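Q: I need the structure of the sequence given here:
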Amino acid sequence: MDDIIKMLDENLCYISHAVEGDRVFIKVKSILKEPICPRCKASSSKVHSRYVRKFQDLPIDDKKVIIVIENRKMFCQNLECSYKKFVENFSFLPRGSKRTTRLEQEILRISINCSSIASSKILSKGFVDIGKSAICRLIKKHKT
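A: As a prediction, the model looks like this:
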């Protein structure tokens, strides 16, 4: 399972997983020692706080996958930076998103040839929990 998680990001480490009905919950953590401030690009080892973040990924064996990560909020140690705190970010997860980039790509691939209502029904049966409005927002976001 650790190899699958490493495909998302080499700085993630698999902790555990649980199957509950039609869902697989995979718990991971970041092993990156010093995340980088997105503003000034300085690394930081000083943790402000932690919080749990959940997001969806591609399905495994027709089960919806929810990845659970304890995300860190860091202090920027560069005194000249305008960011005093920043959140650890991951390349596979767009900022503020509840879905991985590869899942968003799959949603767009399926949605390109049918309405958002039909796409929502298709996706909800096997892939992901998503409504027609979210599909429209995702399509609009990727057109710009």
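
Q: Around the residue lying closest to Cys13 once chain neighbours are set aside, how many other residues sit close by?
A: The shortest distance from Cys13 to any non-neighbouring residue, by CB to CB, 6 or more residues apart in numbering, is to Ile31 (4.8 Å). In this view, the C-beta of every residue, glycine as well, is placed from N, C-alpha and C. When neighbours are defined as other CB atoms under 10 Å, Ile31 has 10 of them.

Q: what comes up buried for the helix or strand Glu106 falls within?
A: Assessed by DSSP states H and E, Glu106 sits inside helix 101-111. With burial defined by 16 or more other CB atoms under 10 Å, the residues of helix 101-111 counted as buried are Leu103, Glu104, Glu106, Ile107, Ile110, Ser111.

Q: CA atoms only for that helix, dumped as CSV, please.
A: C-alpha atoms of helix 101-111 as CSV (Å, rounded to 0.1, in the frame of the first residue of the first chain):
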residue,chain,number,x,y,z
THR,A,101,-5.7,16.0,-9.6
ARG,A,102,-5.9,12.6,-11.2
LEU,A,103,-9.5,12.1,-10.0
GLU,A,104,-10.4,15.6,-11.3
GLN,A,105,-8.9,14.6,-14.7
GLU,A,106,-11.0,11.4,-14.7
ILE,A,107,-14.2,13.4,-13.8
LEU,A,108,-13.4,15.8,-16.7
ARG,A,109,-12.8,12.9,-19.1
ILE,A,110,-16.2,11.3,-18.3
SER,A,111,-18.0,14.7,-18.2
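
Q: so what does that helix touch, helix or strand wise?
A: Where contact means 3 or more CB pairs under 8 Å, 6 or more residues apart in numbering; DSSP states H and E, helix 101-111 is packed against strand 47-60, helix 116-126, helix 132-143.

Q: what comes up buried for the first one?
A: Neighbour counts over strand 47-60 (16+ other CB under 10 Å) mark Phe55, Gln56, Asp57, Pro59 as buried.

Q: Same question for the last one.
A: Buried residues in helix 132-143, counted by 16+ other CB under 10 Å: Ala134, Ile135, Leu138.

Q: Take the residues you listed and write them to TSV, including distance to Ile26 and pLDDT.
A: Formatted as TSV, the buried residues of helix 132-143 follow (distance: CB to CB, whole Å; pLDDT from 0 to 100):
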residue	distance to Ile26	pLDDT
Ala134	22	91
Ile135	24	92
Leu138	23	90
